[in-house]
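A.B. asks: After the sequence you'll find the predicted model.
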Amino acid sequence: MSEYKHTLHLPQTDFPMRGNLPQREPEMLKRWQELNIYQQLREQRAGQDTFILHDGPPYANGDIHIGHAVNKILKDFIVKAKSMNGLDSPYIPGWDCHGLPIELQVEKNLGKKQVSPREFRDACREYARQQIEKQSKDFQRLGVMGDWANPYLTMDFKTEADIVRALGRIIAAGHVDKGFKPVHWCSECGSALAEAEVEYEDKTSPAIDVRFQVVDEAEVSKRFQIAACSQTSIVIWTTTPWTLPANQAVALHPELEYVLIAHQQDGVTEHLILAEALLNSCLQRYQIENYQIVARCVGQDLEHLKLKHPFYAREVPVILGDHVTTEAGTGAVHTAPGHGLEDYIVGLRYHLPIDNPVGGDGKFLPHTEIFAGEQVFKANDHVIEVLQAHRKLLHHEKIRHSYPHCWRHKTPIIFRATPQWFISMEKHQLRQQALEVIQAVDWTPEWGEQRIVGMIENRPDWCISRQRNWGVPITVFVHKETGALHPQTLELIEKIAQQIEKIGIDAWFELQPTELLGDDAQHYDKASDTLDVWFDSGVTHATVLETRDELCVPADLYLEGSDQHRGWFQSSLLTSVAMRHGKAPYSGVLTHGFTVDAKGRKMSKSLGNVIAPQDVIKNSGADILRLWVAATDYRGEITVSNEILTRIAEAYRRIRNTSRFLLANLAGFDPATDRVSRENMLALDRWAVDKAYHLQQEIIKAYDSYNFHVVYQKVHHFCTVEMGSLYLDIIKDRQYTCQKDSVARRSAQTALFHIIEALSRWLTPILSFTADEIWQYIPGARGKSVLLETWYNGLFPLDENSVVAAPTWDKIWVIREAVSKELEKLRAVEVIGAGLEAEVHLYCDHHTVELLSVLQNELRFVLITSYSHLHLAEQRPEDAVNYEGFWVKAQRCEHKKCIRCWHLREDVGANAEHPELCGRCVENVAGVGEVRLFA
RNA sequence: UUUUGGAUAGCUCAAUUGGAUAGAGCAGUUGACUUAUAAUCAACGAGUUACAGGUUCGAUUCCUGUUCCAAACCCCA
């Protein structure tokens, strides 16, 4: 176009405008691998203070979903931000490898093929390994930095051994008990379930009212202090008819009022005992209209009264319990200690037998009268029939209520008393110690503390045994008669652990007791249970933090979804307190919410609203996913939708393009030789560095407080406003038109250099791929990767001695905004197009005129107009437009346009050799170059 | 049922802990530029701060109640 175009210094860079992340990121990953970046960083940070974020192990089954991605990315932000702080922040990813879901998968894969337990466990191990490999690849693709070559697996032989040792330590501390008590039991799993494995769903059950006839009517008369009575029953209400075979008592509340009523039944007078508070609802249910209240008493008065079991030849007592309520039912509670925890507890007081007629498969045991072999839920109808036949059934209806289900099978579970191993919450004050320790932990958000306190306060003893194959064995011997642990249990555990270290858990399963116990073996049973997998992951503070050189207990941070208050946070806390005499495994716990769709619904396949991380990566790139995680306040729900991801991609482009422009304007700049010293930099350039300086402090603070969305907002704002709208727009003129090596231009480049040094680091924890890509394009000698760096310390603030101080700049920006508005008005009426076609007059108070006149004739560059004139307010013409504290008049500039810099200047054409140039450009093209001091 | 947390523009987030007209960016609309160009710049709309009360000179902020969302608890009989 113009013969002068080659005299301009237009931006130039190979840094691509478009990220093309799906292609570029894998290349970057490869580069990191080749650099062995993780190890290199460890070496570089060796000896520094550490920050230990301990990875909660995901379960080694299935592809990673967006929740996994959020979790790992948040962890990566923290690890990398700490590293930027100069700390040594190792990250060892882990996997949870044992347990039922893997067994189920393997069973499915094996089909009908019969295999030995050993082969089965080998298959489980192999399956888990494959799953881990796949998940690991996906995690790494997210850009998560860690020791992926050496993760911890709960199925490592060494770890399996250490899990057994951890159990030994907890036994040594006296917390482990063998008990026979009701536990959540899934008959599909054929195993006890942990609290965390139970979820509540609606279920339809039969609700029945059953007569328990009193044995001795005379005794009843005596208790109620009446003359006589006949055909008397206490009525119970239950939603689990199948538990009646195990009934051992009927519980009443000691202080509750009970009434004895009489009514006609088939011409015979019958007496019923019910809680007075529930009388009306019961009678309505039974459709009894005519009745009389014969007498009343409180529950206490009926204690030890003998009742007939409704269909067995068994007498059961009336007992008292505070758990009886008047919320529903009859005020009399059918009590089966083998099928309910409260029944069990109250049963202990009355020495009731703990009868459990139900087998592990959910069917009645062969010796069970009437119901032998029947599946319990199916037996409900049969029980009802039998009751009817015995004329014990008062009422029967369907009820829909919430009921515990197995979280894996989604099937209703039962309470079933079986011999199990427990970690006792009370025996050695585990509960109390845990509650004390919680206070010393830093919970983020704060309400996490209340949540876990509530859970610890209420939780029952932890049933740690499972009746499975693919799990770490409970490696103890129990005396056949006394049930006591072998006196050398701790030594034996260590011996077994050493063998497990060599060949894995099979060492126990295949162990002949005589090998260890000699002749003593005949007196002992070898335990066959495995440990709850929550135990495996719960003791990683011992099996991983304690055993790895680069880690230690307590970890600085555990970071998981809020569901882990009842899972890993709790299992880790309890085991640590148990084995370290009241020490927490972590000093801080951070939780994040779950991902939901735009309407706040959970992601589910059936709703079709699932956004897979693999898809986002394939279509947009991991950095987009990472930026989305950063942009969201993860403390609540984390919303994801295509709209949100589109917005994030836009924001990404802005950040990328700003970086690109910085790089493009650094073309030809060598920081070693071209850098301008702080004192010699132009005022505007110092302002820009000052902005970056203050912003960096805020960004570091936001990283330190895990407020990544604040980092995102601030960085984006900086790119858009401070850089795009203001600084970069203004310096274009200087960058393009001044002489290549002039102070004016080198000063701006110096600022850009400082800023891109800082910006690339700000981005590193979040946009790791992009930040490192930028890094490769920054001029000057530098390390191989920005991941190895710490925050940039070359930024500096404006001070009071600055020629143009911060308050002056603030004023200038206000004026600039007003000028923009005025220019827009001129544009609207087609008086001007570009801002340079205008000149502006500013009318200000004396003080402001003085402030701005410091800039001399360079104010026009800041305003991006061809001329700007400063006047005192009183000189303003009628048509000057008022803004807060000043007036603006903008008009078309009538001079000729310089073909090179596009300013409209009166001196265009003054030089005959360059008839189309302004004086400034002539100077820059043919002279020694213009001098700029401020902007 | 209870407990806890939450609800600010179409989207993502602010609001110095009770202070002035509730702010940014994105998206939208309109325009400019062609020297960041599948880019950039400017202007412009957009809010009953979930709702209803209360305390206060003043409430997005504190209190009470309601609605909705989420999590936990419970749902044992």
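C.D. replies: Thanks, I have it.
A.B. asks: CA atoms for contacts and neighbours, from now on please.
C.D. replies: OK.
A.B. asks: give the contact list for residue A:12.
C.D. replies: Contacts for residue A:12 (Cα atoms under 8 Å, 6 or more residues apart in numbering) come out as A:663, A:664, A:665, A:667.
A.B. asks: Try it again at 7 Å.
C.D. replies: Residue A:12 makes contacts with A:664, A:665, A:667, as judged by Cα atoms under 7 Å, 6 or more residues apart in numbering.
A.B. asks: How many neighbouring residues does the residue nearest to the second one when sequence neighbours are not counted have?
C.D. replies: Translated: residue A:665. Spatial nearest neighbour of residue A:665, chain neighbours left out: residue A:11 (4.8 Å); criterion: Cα to Cα, 6 or more residues apart in numbering. Each residue near residue A:11 was counted by other Cα atoms under 10 Å, and the total is 17.
A.B. asks: So residue A:11 lies in a strand, does it not?
C.D. replies: No - counting by DSSP: H, G, I helix; E, B strand; the rest coil, residue A:11 is not found in a strand; it is coil.
A.B. asks: Mind pulling up the pLDDT for it?
C.D. replies: Among the per-residue scores, residue A:11 shows a pLDDT of 95.
A.B. asks: Touching, it and residue A:662? I think so.
C.D. replies: No - checked against Cα atoms under 7 Å, the pair residue A:11 and residue A:662 is beyond contact range at 8.7 Å.
A.B. asks: quick one: stretch A:199-211 to chain centroid distance?
C.D. replies: Computed by Cα atoms, centre = their mean, to the nearest Å, the chain-centroid distance of stretch A:199-211 equals 35 Å.
A.B. asks: How about that stretch, which residues are buried there?
C.D. replies: By neighbour count with 16 or more other Cα atoms under 10 Å, stretch A:199-211 contains the buried residues A:199, A:205, A:206, A:207, A:208, A:209, A:210, A:211.
A.B. asks: Please see if the strand or helix carrying residue A:570 touches RNA strand B.
C.D. replies: Here residue A:570 sits within helix A:568-579, counting by DSSP states H and E. No - counting by Cα under 7 Å from any atom of the strand, RNA strand B has no neighbours in helix A:568-579; the shortest distance is 10.9 Å.
A.B. asks: got a list of contacts for that helix?
C.D. replies: With Cα under 7 Å, 6+ apart as the test, helix A:568-579 has contacts from A:169-170, A:173, A:430, A:433-434, A:534-535, A:537-539, A:583-585.
A.B. asks: Restricted to strands, list those residues.
C.D. replies: Judged by DSSP state E, strands contain none of the contacts of helix A:568-579.
A.B. asks: Buried ones only from those, please, as a ChimeraX command.
C.D. replies: With 16+ other Cα under 10 Å as the burial test, the buried ones among the contacts of helix A:568-579 are selected in ChimeraX as follows:
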select /A:169,170,430,433,434,534,535,537,538,539,583,584,585
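A.B. asks: From RNA strand B, how far off is the residue positioned nearest the centre of chain A?
C.D. replies: Centroid-nearest residue in chain A: residue A:561, 2.7 Å away (criterion: Cα atoms, centre = their mean). Distance, residue A:561 to RNA strand B, using Cα to the nearest atom of the strand, to the nearest Å: 9 Å.
A.B. asks: contacting residues for that residue?
C.D. replies: Counting by Cα under 7 Å, 6+ apart, residue A:561 touches A:591, A:592, A:593, A:594.
A.B. asks: From the contact counts, what lies against the helix or strand following the helix holding residue A:570?
C.D. replies: Counting by DSSP H and E, the element after helix A:568-579 in chain order, helix or strand, is strand A:588-592. If you count contacts as 3 or more Cα pairs under 7 Å, 6 or more residues apart in numbering; DSSP states H and E, strand A:588-592 packs onto strand A:442-444, strand A:557-561.
A.B. asks: Am I right that residue A:270 is in a strand?
C.D. replies: Yes - the assignment for residue A:270 is a strand, going by three-state DSSP.
A.B. asks: How about the stretch 551-700 of chain A: which residue is closest to RNA strand B?
C.D. replies: Of all residues in the stretch 551-700 of chain A, the one sitting closest to RNA strand B is residue A:632 (2.8 Å; Cα to the nearest atom of the strand).
A.B. asks: OK, contacts around the residue lying closest to that residue once chain neighbours are set aside?
C.D. replies: Residue nearest to residue A:632 in three dimensions, not counting chain neighbours: residue A:709, with 5.6 Å by Cα to Cα, 6+ apart. Counting by Cα under 7 Å, 6+ apart, residue A:709 touches A:630, A:631, A:632, A:633.
A.B. asks: what about the residue lying closest to the second one once chain neighbours are set aside, helix or strand, and which?
C.D. replies: If the residues on either side of it in the chain are set aside, residue A:631 comes closest to residue A:709, at 4.3 Å by Cα to Cα, 6+ apart. According to DSSP H and E, residue A:709 maps onto helix A:708-717.
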